[in-house]
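Asker: Give me a 3D structure for the following:
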Amino acid sequence: MKIAVVGATGLVGESLCDILARNMPSATLQLYGNKSVGKRVCYGAKWYTVLPTENILDSLPDVAMFMANEYVAKQYIAQLAKKGVTCIDNSSYFRLQESVPLVVPSINGHTIGKSKVIANPNCTTIQVAMALNCLKSLAPCKATVATYQAVSGAGREGLADLNENRSYGKLKAFPHPIVNNVLPLVGSLTESGYTTEEIKMHNECAKILDMDIDINCFCARVPVTVGHSAFVNVQFEKPFTMEQVARLLQRGCDILTFDQKDGSLLPMPMGVRGSKYVGVGRLVRDQTSNGINMFVVADNVLRGASYNAYEILQCVLEGRYE
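Answerer: Predicted coordinates:
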C-alpha cells in the first residue's frame, strides 16, 4: 500500500504522517511538498525525503492525501483521480462540489461510496457538526455559532506570530498582533460582510448533516496555540429535557461530555489537545426559546484535520461503505 502525503511538512501534514506511521507501519509513505523539497524527516524509525509535488503524477500511489492549499488541490487531484488514485483533500476546493462527498465518517461515511475524490471538512465545522449530529433526533432547526480559534489554524506563521510576540512590521499570518488580543476576523471578508470561514461553517454543516438547519456563525482568533472552541446555541423543533440532551451527547461517537454542575470540569482546549475527541459542556437551557447553549472544543490540527482524514482513509481501505 503506497500512501502519498502532499504538504507533508505543514502542521497538519506532520500530524497525519505521525498517525500513519503509528497506525499503518507496513504502509509505504511518499512525502511531497514545495518549500521543503529535499528535507529529511523521520516517522516510525523510517527516514523519508520530501519530493517535489509534481512528481506525484509519475509515482501513482494507491491513495493521495492532500494537506495543502486549494491551488495544489486544483492542480493535481483531478489528474490523479482520472488515473484511479483515491484522493483525500483537506483544502476547501472540492468541499461544496455536488459530486464530491464531504465526510465526517461517524456522521456520513456512507456517502463515500466508490468516490475517487473525498473532501475533508473545515476544522471548526467538524467539531460543531459532530456535536449537532448527536442531537438530530430533537430536530435542530437553527444553530448560532461563535468560534474562538487557535493560531495554529493559520499554520506555522500563525504560531510564530503568537510565540515570538510579533507586532506590526513583523507579522506574517495576521493583520494585527494576536498577543493579548482577539481578532474578530478569520478568513477573508466577502461582500456579504461574513468571512470565508463563517460561510464554510454555514455551507459545510448543511452538507455533512444532510438536514434543513440554518446556521449563523461569527469567527474570532484568540491567543491559544492549539485547540478551537465554539459557543453553540441550538434551537429545536421538538420539546426536550436537559437530561435528554446530556444522554444524547454522552452516546455520541468520540464525544466527551463535561457537565459537572459545580463547574469543576469544563470543556477547554487543553483538555482535548492531542486527542481525537470533541469536548462538549456548559450545557444550559436557552431561557428565551426552545433551545440550549453549549461549549464545544477540539484539537484543530488533529481532530479537525489529520485524524478525520485518517478516518476517511480507513473507510476507503476497508471498503465499508461500498
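
Asker: Could you use CA atoms for every contact and neighbour count after this?
Answerer: OK.

Asker: Please point out which parts of the particular helix or strand that has I77 in it sit buried.
Answerer: I77 is located in helix 70-82, with elements delineated by DSSP states H and E. Within helix 70-82, the residues that count as buried by 16 or more other CA atoms under 10 Å are 72-73, 76-77, 80-81.

Asker: and what of stretch 86-104?
Answerer: 86-92, 94-96, 100-104.

Asker: Inside strands: which ones of these?
Answerer: The strands, defined by DSSP state E, take in 86-89 from the buried residues of stretch 86-104.

Asker: what's the closest of the residues you listed to A21?
Answerer: A21 has its nearest neighbour among these in I88, at 17.5 Å by CA to CA.

Asker: Could you measure from the closest one over to A73?
Answerer: Distance, I88 to A73, by CA to CA, to the nearest Å: 10 Å.

Asker: overlap in contacts of these two?
Answerer: Counting by CA atoms under 8 Å, 6 or more residues apart in numbering, the contacts common to I88 and A73 are F66.

Asker: so N290 touches Q235, yeah?
Answerer: Yes - the criterion here is CA atoms under 8 Å, and N290 meets it with Q235 at 5.7 Å.

Asker: Which one's more surrounded, the two?
Answerer: Q235 (21 against 15; other CA atoms under 10 Å).

Asker: Show the contacting residues for the more buried one.
Answerer: Contacts for Q235 (CA under 8 Å, 6+ apart) come out as 140-143, 289-292.

Asker: cool, N34 as well?
Answerer: 7, 51-53.

Asker: and with 6 Å instead?
Answerer: Applying CA atoms under 6 Å, 6 or more residues apart in numbering to N34 gives the contacts P52.

Asker: ok, it to V50 distance?
Answerer: With CA to CA as the criterion, N34 and V50 are 9 Å apart.

Asker: hang on, the earlier thing: same for the helix holding I77, what does it pack against?
Answerer: With contacts defined as 3 or more CA pairs under 6 Å, 6 or more residues apart in numbering; DSSP states H and E, helix 70-82 has no helix or strand neighbours.

Asker: Grab the nearest non-local neighbour of F236.
Answerer: P140 (4.2 Å; CA to CA, 6 or more residues apart in numbering).

Asker: er, K83 I mean
Answerer: Spatial nearest neighbour of K83, chain neighbours left out: L60 (7.8 Å); criterion: CA to CA, 6+ apart.

Asker: okay, now that neighbour: neighbour count?
Answerer: L60, neighbours per other CA under 10 Å, totals 18.

Asker: before we move on, what about L57?
Answerer: For L57, using other CA under 10 Å, the count is 14.

Asker: Locate it within the secondary structure: which element?
Answerer: Here L57 sits within helix 56-59, counting by DSSP H and E.

Asker: Tell me the buried residues in that helix?
Answerer: Within helix 56-59, the residues that count as buried by 16+ other CA under 10 Å are I56.

Asker: Please apply the same query to stretch 107-116.
Answerer: 107-109, 111-112, 115-116.

Asker: One more: stretch 199-210?
Answerer: Buried residues in stretch 199-210, counted by 16+ other CA under 10 Å: 199-202, 204-209.

Asker: before we move on, back to that, could you dump the buried residues of stretch 107-116 to a markdown table with distance to G155?
Answerer: Converted to a markdown table, these look like this (distance: CA to CA, whole Å):
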| residue | distance to G155 |
| --- | --- |
| I107 | 27 |
| N108 | 28 |
| G109 | 28 |
| T111 | 30 |
| I112 | 28 |
| S115 | 29 |
| K116 | 27 |
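
Asker: so what's the backbone phi/psi at the closest residue to N69 other than its chain neighbours?
Answerer: Nearest non-adjacent residue to N69, counting by CA to CA, 6+ apart: S91, 5.3 Å away. For S91, the backbone dihedrals (degrees, to the nearest 10) come out as phi -80, psi 180.
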